[in-house]
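Peer 1: From the sequence below, what's the structure:
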Amino acid sequence: MTESSLRSQIRDDASTILQPVTPALTAAGVSGTRFSAMAAVAASSATEDIHALAGRDAAAKASIAYVYESYLSFGAVLAYRVANVVHRLQSEFLSRSVSARLIASAAHSITERAKVETGVDIHPGAQIGRRFVVDHGYGTVIGEQVEIGDDCYCLQNVILGGRSIGYSSGLHGTRRHPRLGHRVEIDRKSTRL
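Peer 2: Below is the predicted model:
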């Protein structure tokens with residue numbers, strides 16, 4: 001798989017991920033001409049992500065084609081990248097609450113579908129840096145207020161979520177979800193900086 005064919009395929013996949021939510025986004029007032037641009041932005045980040053996964057996972061043997069064809073965890077990250085682009089549209093439509101709600105629902109729909117297909121739950125509002133890897137991702141949960149730096153690596157069953165059930169981030173001005181810096185590796189048992 002050449003680099004240009006990889007980019008093209010990932011962009012096509014991003015467009016496919018957008019298709020089910022296109023009616024909602026159109027109803028919200030998002031111009032149809034923006035869909036291609038949104039897919040391209042998500043695909044650009046996801047291309048860096050797949051290179052990082054192929055390079056860091058020994059089982060992948062540095063084969064981007066192998067990762068692309070067989071790693072569901074990459075599909076979850078791609079879906080997050082698409083959902084995050086959609087989620088960020090809300091700021092343009094805040095004055096129209098119905099539009100903002102439709103956009104938020106569309107972004108959640110994308111990540112909910114990915115959660116069912118991959119076992120990885122990444123909130124579309126999470127802020128995730130470049131070259132992000134989820135490996136053996138089943139059971140991984142990344143919450144709305146999570147901030148993850150560049151070059152981070154998460155293994156299965158990692159939960160970056162709230163401190164307790166019903167805990168609200170608005171209480172006492174505290175954050176509900178954690179922040180990770182750059183180059184953090186995290187699994188269920190330990191965090192390596």
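Peer 1: May I ask which helix or strand encompasses residue 40?
Peer 2: For residue 40, the host element (DSSP states H and E) is helix 34-56.
Peer 1: buried sites along that helix?
Peer 2: By neighbour count with 16 or more other Cβ atoms under 10 Å, helix 34-56 contains the buried residues 35, 38-39, 41-54. Backbone N, C-alpha and C define where each C-beta goes, glycine included.
Peer 1: got any ranges where the protein has weak pLDDT?
Peer 2: In the prediction, the chain carries residues with pLDDT under 70 at positions 1, 163-174, 189-193.
Peer 1: what do you get if the cut-off is 50, keeping everything else the same?
Peer 2: Applying pLDDT under 50 to the chain flags residues 193.
Peer 1: Tell me where this protein has strands.
Peer 2: 121-122, 127-128, 133-134, 141-142, 147-148, 153-154, 159-160, 179-180, 185-186, 191-192 (DSSP state E).
Peer 1: could you measure the nearest residue to residue 149 once chain neighbours are set aside against residue 128, distance?
Peer 2: Excluding the flanking residues, the one nearest residue 149 by Cβ to Cβ, 6 or more residues apart in numbering is residue 182, at 3.7 Å. Distance, residue 182 to residue 128, by Cβ to Cβ, to the nearest Å: 12 Å.
Peer 1: Return every residue with contacts to both of the two.
Peer 2: Listed as contacting both residue 182 and residue 128 by Cβ atoms under 8 Å, 6 or more residues apart in numbering are residue 152.
Peer 1: Mind checking which of these two has more residues around it?
Peer 2: residue 128 (23 against 13; other Cβ atoms under 10 Å).
Peer 1: show me what contacts the most centrally placed residue in the chain?
Peer 2: Per Cα atoms, centre = their mean, the C-alpha nearest to the average position across the chain is that of residue 80, at 2.0 Å. By Cβ under 8 Å, 6+ apart, the contact set of residue 80 is 111, 114, 122, 124, 126, 128, 142.
Peer 1: Among the residues you listed, give me the pair with the biggest separation.
Peer 2: 114 and 128 (13.8 Å; Cβ to Cβ).
Peer 1: Need the residues touching each of these two.
Peer 2: 80, 122.
Peer 1: Outside of stretch 11-27 itself, which residues are in contact with it?
Peer 2: With Cβ under 8 Å, 6+ apart, stretch 11-27 has contacts from 32, 35-36, 38-40, 42-43, 46, 78-79, 81-82, 86, 89, 102-103, 105-107, 109-110, 113.
Peer 1: run the last query once more with 6 Å
Peer 2: Applying Cβ atoms under 6 Å, 6 or more residues apart in numbering, the contact partners of stretch 11-27 are 35, 39, 40, 42, 43, 79, 82, 102, 106, 109, 110.
Peer 1: could I get those as CSV with distance to residue 160?
Peer 2: Shown next, in CSV, are these (distance: Cβ to Cβ, whole Å):
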residue, distance to residue 160
35, 30
39, 26
40, 28
42, 21
43, 24
79, 17
82, 20
102, 27
106, 23
109, 21
110, 19
